[in-house]
Every structure is written in C-alpha cells, then in structure tokens.
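>>> What follows is a protein structure lacking sequence information:
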C-alpha cells in the first residue's frame, strides 16, 4: 500500500523537477531560430489581417493562432511559458496513459524517461510545433482511453493542424475504435469530431488556393525538397539517435513484444508508424524525435519492468546517463552565437515604413511593425532568383535585407543555373539600390539595400 501511495506522488516530484529545470533555462539567452521566427510572424500576420508579419501557406495554423493571442505582450517570453506548460503536460499525459494502459510502476518510469530526455528539454523553449502538437496528440489518446471519442477526434484534428505528421495517430485510433465492441454512434463520434474540426482548414484551402488539400500537398513537397542537401540522413538516423538519447530505450523492443502478448497494440502501432514515416523521409532532424518519444518511453519502461529485477539500479543509471546527456547538450547550446549582428535585425525597429520590405531571413520580421515579403519562399532556386530580378526594378521597394548565413538564399545543388541567377540578382541590387548597411561576422555577410 505504501509503495502504491509513493508511486502516486512521484509524478508530482518529476513535474516539479522538470519545471525548475525549465525555469532555469528560461532566463538563459536563447536565439530565435528560423521556424520560431516564422510562427511568430504568422501570428502577427493573422491577427493584423496582413498588415504586419509574414505568412507561409504551407505551415499549420494552430500554433500561430495560439501565439497571436499574446501578440500585444512579449510574445517570445509568453510563448516559451506556454511551451513549458505543454512540455509538463506531455510528461503528465505520458504518465497517465501508461498508468491507464499498463500499471503505475511503468507510468512512473516512462515519465522519468521523457522528463530526462535532453532533446525534449531543450526544445521546450524553442517555440517550435513539436511540443504543443505532441501534447495535443497525447491528450487525444488520453480521451480515447477514457472512452470520450468525440473529444478525442476533435483533439486529434487539433494535433494534426498543429503539426501535420501528428495525423499519424488518427489511423491507429480510428482502427482501434472500429474493432472495439461499442455501438456505432460512438464509433462515428470520433470520425465526426475529426472531420468537423478539420473542415475550416479544408474550406480555407479551397477558397484561398483552389484545392481542399493544397496546404498538405505543398507542405509535403517543401519538406521533401527544401534544404534536403543539408538535412538528408540515412534511414537509421533516428534509431541511432534513440541510443544517443538514452541507451535504456533499447528496452522498447522487448516492451513491444510484451505489449503484443498482452494484446495491447495501440502504443506499439503509433510508435512503429512514426518511426517508419520519419525514417523513410529524406529530410531528417533530431527534433522530429519528440513526436514519438512518449511512446518509446512507455515501451522501454514496460520492457525494463518485465526483464530486469533490480529496477532501482536501472533508475539510478537512467538518471546518471540522462544528466550526462543534458550536460553535453547544455554545453552545445551555450556555445551558440547569440549576437548575430543584432543591429542588422533591429535596423527598422520602430521606424515608419511606407513601401515593401524584402527579407531573406524571417527573424527580421520580429522587429517590424509592417508586413514583409520572403525572398526565399517557397524554395529559393533559379526561378525565384529570376522573379526577384524583375521585382527589384519596381520603385515601391524601400528595403531589401540579404543574409548569406541563415540559408534563405542557398541554391539547391540540383539546380545548375541557380548560382548564376543569384549572382545576377545581387548585381542588380548593387547597381539599382544603395547599400546602407554591411557587416561581415565570421562566415556570414549581412547587407541592407535601400531604394
């Protein structure tokens, strides 16, 4: 009885420790990364009806819509607070799902695994979509386990519209509901909740772009092609990444076997589908691991529970390995360049701008009280370089920001004429516009042109 009572309260100690770690990190310097700047820009764009910010049509809308609510405050700080809350929610929901499906001992160990994940910890403050979308995905699974199928369907759609690959959970959840011994109305409720929630996005796509599925198809195409020469990795990238994250995650394999023997397929199916999907995608980034880390943590915890007797020793090793991993990641994080020509990014801050502003890096939009146009979107190539050669001849462009460092104007290796067209574009800028700012910092060159 005492052990059960102790296990019941362990989750609160885990959450408290996780909160303290994130609060410490919150007040350390963090650069705003590319995607974060895009989502903040989209939040501004949506809530000002296009007067401020930027917009990328292939991005899911839920995260910008949430961030935009706080646009009148310090949106970056508030966004990080929200991500901290979402990350704590992920730890708690991982615990609750494991407790519901298996037992409390497995729930405690799985929550420790995910709380001690270095990748999960450091992306808790990046304003990316992985954390909020994973929270919504787990919440959908939690309501499914509580037999609240309509709510589960609604939240599944929200998770999907926060990050499109989260739609993977729709397949095993729908299949599980179909084969369940419940009435037809309950089965329909899940599908109904999903469809009704996703309908506004489908209608918006049709009205705005002429196709119900435009956003999904274009997003898949861009992820497949954009920056693939930078992010392309072998199929086993995530498998090796799991070992680097925590060697004890290897116990997920026996965990899957034990779950199948108990005729509990849901968590194993979701994990395997995520792993197959991301492994076959040429574009691979370690942050995508966050989308399926709760499921492998549950499976690994269950594998340990059924194969190892000395669980206290395992727990101590898990904590030691996790602390080492977090320390290594912290050192890597602390060596980032936080002062990337800040005067370049803030050049137009609080300035009144009448005409167009073109930018090659979305970070600039954070300091503009006006909308900006993206030189790199949807994918910078020879065709887009030719397009901008024609556009710069127009006299209604006030400022053009060129950043050689962040990747906005990097040519695809598969486009043989892109480099020559980019050189022509830069020549036109030097000829027709005044260079009002230039700074070389390391390998990076920052230039501002004005008409």
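Great, that's in hand. If you're wondering where the values come from, they're calculated on a predicted model, not measured in any experiment.

>>> which is the next helix or strand following the helix or strand bottoming out on mean pLDDT in the chain?
The least trusted helix or strand in the chain, going by mean pLDDT, DSSP states H and E, turns out to be helix 311-334, with a mean of 63. Going down the chain from helix 311-334, the next helix or strand is helix 342-345, by DSSP states H and E.

>>> helices and strands around that next one, which ones?
strand 434-441 (3 or more Cβ pairs under 8 Å, 6 or more residues apart in numbering; DSSP states H and E). In this view, the C-beta of every residue, glycine as well, is placed from N, C-alpha and C.

>>> Let me see the residues that make contact with the strand it packs on.
340-341, 343-344, 347, 405, 445-451 (Cβ atoms under 8 Å, 6 or more residues apart in numbering).

>>> From those residues, list the buried ones, please.
Those of the contacts of strand 434-441 that meet the buried threshold are 340, 341, 344, 347, 405, 446, 447, 448, 449, by 16 or more other Cβ atoms under 10 Å.

>>> circling back to that earlier point, with pLDDT and distance to residue 390 added, can I get the contacts of strand 434-441 in CSV?
CSV is the format used below for the contacts of strand 434-441 (pLDDT from 0 to 100; distance: Cβ to Cβ, whole Å):
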residue, pLDDT, distance to residue 390
340, 60, 30
341, 70, 29
343, 88, 31
344, 90, 26
347, 91, 25
405, 77, 26
445, 88, 24
446, 92, 25
447, 93, 20
448, 94, 21
449, 94, 16
450, 92, 19
451, 84, 15
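
>>> Mind putting those into TSV with distance to residue 17?
As requested, the contacts of strand 434-441 are exported to TSV (distance: Cβ to Cβ, whole Å):
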residue	distance to residue 17
340	33
341	37
343	39
344	39
347	42
405	37
445	44
446	41
447	46
448	46
449	50
450	51
451	55
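
>>> which one of these is nearest residue 239?
residue 405 (31.9 Å; Cβ to Cβ).

>>> Quick one: residues contacting the nearest residue to that closest one once chain neighbours are set aside.
Distance criterion Cβ to Cβ, 6 or more residues apart in numbering; nearest residue to residue 405, sequence neighbours excluded, is residue 444 at 3.2 Å. With contact taken as Cβ under 8 Å, 6+ apart, residue 444 is in contact with 340, 341, 403, 404, 405, 406.

>>> could you pull out the strands for the stretch 101-250 of the chain?
Remark: strands of the stretch 101-250 of the chain are absent; assignment by DSSP state E, counting those that start in this stretch.

>>> all helices of it, in order?
Using DSSP state H, counting those that start in this stretch, the helices of the stretch 101-250 of the chain run over residues 104-115, 118-122, 130-145, 149-160, 170-179, 184-209, 214-225, 228-231, 237-245.

>>> Out of those, the one nearest residue 287 is which?
Nearest of those to residue 287, taken as Cβ to Cβ: helix 130-145 at 5.5 Å.

>>> Run through the neighbouring helices and strands of that closest one.
helix 62-68, helix 75-101, helix 149-160, helix 170-179, helix 293-307.

>>> before we move on, back to that, could I get the buried ones among the contacts of strand 434-441 as TSV with distance to residue 107?
Below are those laid out as TSV (distance: Cβ to Cβ, whole Å):
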residue	distance to residue 107
340	43
341	48
344	49
347	51
405	45
446	50
447	54
448	54
449	58
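
>>> which one among those residues gets closest to residue 72?
Nearest to residue 72 among the buried ones among the contacts of strand 434-441, with distances taken as Cβ to Cβ, is residue 347, at 23.4 Å.

>>> residue ranges with poor pLDDT in the stretch 151-300 of the chain?
224-229 (pLDDT under 70).

>>> rerun at 80
Within the stretch 151-300 of the chain, the ranges that satisfy pLDDT under 80 run 220-231, 243-244.

>>> What are the boundaries of the strands in the stretch 351-451 of the chain?
356-359, 373-374, 397-403, 434-441, 444-450.

>>> For residue 187, find the nearest of these.
If we rank those by Cβ to Cβ, the stretch that ends up nearest is strand 373-374, at 43.9 Å.

>>> What pairs with that closest one, parallel or antiparallel?
Sheet pairing for strand 373-374, assigned by DSSP bridges, gives strand 356-359 (parallel).

>>> tell me which residues in the partner strand are buried?
356, 357, 358, 359.

>>> With stretch 129-148 instead?
129-145, 148.

>>> chain center to that stretch: distance?
Centroid displacement of stretch 129-148 relative to its chain, using Cα atoms, centre = their mean, to the nearest Å, is 16 Å.

>>> Stretch 197-205 too?
For stretch 197-205, the distance to the chain centre is 21 Å (Cα atoms, centre = their mean).

>>> which residues sit against it?
61, 153, 154, 157, 158, 160, 161, 211, 212, 213, 214, 215.

>>> 6 Å instead?
Residues outside stretch 197-205 that contact it (Cβ atoms under 6 Å, 6 or more residues apart in numbering): 154, 157, 161, 212, 214, 215.

>>> Could you pick out the buried ones from these?
The neighbour count (16+ other Cβ under 10 Å) marks 154, 157, 161, 214, 215 as buried among the contacts of stretch 197-205.
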